[in-house]
Structures are given as C-alpha cells and as structure tokens.
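Student: Have a look at this fold, sequence not included:
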C-alpha cells in the first residue's frame, strides 16, 4: 500500500519519503529500509533483538512518523500517526517499508473472502 515516511520533527513538516509498504498483521513493529533512514537523516536509537521467520537478529531502531493519504480526497493533508520506534529492514527487502501492528492497531483492517481489503483510519 502507498505510505509516507516522515522524520519525527518538526511535526508540521510533511516532506518525507513516499513509497510502498507491505501490510504485515504478524509483525508487532513497523520497519523501514536503511535507504529511507539515510535519506531522512534519522538518528539511530541502538540495536535490539528482533525475531522473524528467518530467526532472531539485531536490528537498528529509528524514530519516525508514518502517514497515509486519503485516496478519495485530493489534494489533502496526509493522516499522520504518532511517532513510531521502528526497526531497520534487512537489505534486499522488496518493499520500502513494513507496516506492523503498532500502526495497524490504530486502524480498522478488513479482509474479505474474495481477497479484497480495506483499511480505515483517522
């Protein structure tokens, strides 16, 4: 899904990185690629263990904001969630970000048997 990653400050700045996120209801935390962290000059918060299907590893943490646009309303300000302490995704991840339950639990996510999904927020 389309996503906007913003630096944590200033809160009035909506200049960030627009990319594509994988929605992962099995992940407790949101992640971004090292390229996005570098591009936004995000300060590292230190490495912590993180578990995945591939096992446990140390991952750098960053503070950032996640924003989603309301597709039916153009132009509009994006809906910006509170600051996220997310992790750095491994090299070779095929998306710009991974949207985890730290953000998704603030939304209503519905998946129908047909495969159609909707995400309501705000």
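Tutor: Great, that's in hand. Treat the numbers as computed from the prediction; the structure is a model and nothing was measured. Numbering: from 1, shown residues only.

Student: so residue 38 sits in a helix?
Tutor: Yes: checked against DSSP: H, G, I helix; E, B strand; the rest coil, residue 38 lies within a helix.

Student: Tell me, how many residues neighbour it?
Tutor: Taking other CB atoms under 10 Å as the criterion, the count of residues near residue 38 is 9. Placement of C-beta: from N, CA and C, glycine included.

Student: What separation is there between it and residue 82?
Tutor: Spatial separation of residue 38 from residue 82 under the definition CB to CB, to the nearest Å is 23 Å.

Student: What helices and strands are in contact with the helix or strand of the chain with the lowest mean pLDDT?
Tutor: Using mean pLDDT, DSSP states H and E, the weakest-scoring helix or strand in the chain turns out to be strand 117-120, at a mean of 86. In terms of contact count using 3 or more CB pairs under 8 Å, 6 or more residues apart in numbering; DSSP states H and E, strand 117-120 is assigned the packing partners strand 108-111.

Student: Give me the mean pLDDT for the strand it packs on.
Tutor: Predicted confidence along strand 108-111 averages 88 (mean pLDDT).

Student: ok, now stretch 95-104?
Tutor: Across stretch 95-104, the per-residue pLDDT values average to 96.

Student: longest strand in the protein, by residue count?
Tutor: Secondary structure of the chain read by DSSP state E shows that its longest strand is strand 55-68.

Student: Next secondary structure after it?
Tutor: strand 79-80 (DSSP states H and E).

Student: centre of the chain versus the least confident helix or strand of the chain, how much separation?
Tutor: In terms of CA atoms, centre = their mean, to the nearest Å, the centre of strand 117-120 is found 16 Å from the chain centre.

Student: who's in contact with that strand?
Tutor: Where contact means CB atoms under 8 Å, 6 or more residues apart in numbering, the residues beyond strand 117-120 that reach it are 1, 23, 68, 104, 107-111.
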